[in-house]
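Chemist: Build the 3D model from these lines:
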Amino acid sequence: MVSKSKTYLGPSKALFWILGSGILGAIGAGSYASGVWMLPLGNVTSVFTTYPVVTLILARIFLKEKLLLHQVLCIVLIGMGAILIAKPSFLFETTQVPATD
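Modeler: So this is what the prediction gives:
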């Protein structure tokens with residue numbers, strides 16, 4: 001016997017979060033692919049691997065989780081590492097190497 005109140009996709013309240021997760025995952029994958037196509041691979045990889053920082057910040061905002069001292073330290077270290085790998089021109093002096101023919 002099939003009940004009309006049950007669905008194969010799970011509870012209706014969870015469906016919103018499941019669809020949202022899929023949509024954001026697709027946006028993330030597309031952003032990564034376009035970033036690899038347009039930017040140096042090292043920069044894209046260093047920025048993309050900072051997703052734990054975004055997760056911690058969103059968990060603090062939406063789930064009201066407390067940030068512990070070691071988590072804050074990790075956020076700072078990950079941010080500094082991403083900046084050092086990407087070497088933005090406004091922080092690091094860049095020198096132009098003349099092209100040889």
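
Chemist: For the protein, which segments count as helices?
Modeler: Here the chain has its helices, by DSSP state H, at 12-38, 41-48, 51-62, 69-86.

Chemist: Give the burial count for the nearest residue to Leu56 once chain neighbours are set aside, as a bare number.
Modeler: Here the nearest residue to Leu56 in space, its sequence neighbours aside, is Gln71; by Cβ to Cβ, 6 or more residues apart in numbering that works out to 5.8 Å. All C-beta spots, glycine's among them, are computed from the backbone N, C-alpha and C. Neighbourhood size, Gln71 [other Cβ atoms under 10 Å]: 16.

Chemist: again with Pro52
Modeler: Counted by other Cβ under 10 Å, the residues lying close to Pro52 total 12.

Chemist: just Leu73 next, same as before
Modeler: When neighbours are counted by other Cβ under 10 Å, Leu73 comes out with 10.

Chemist: quick one: contacts for it?
Modeler: Residues touching Leu73, when contacts are defined by Cβ atoms under 8 Å, 6 or more residues apart in numbering, are absent altogether.
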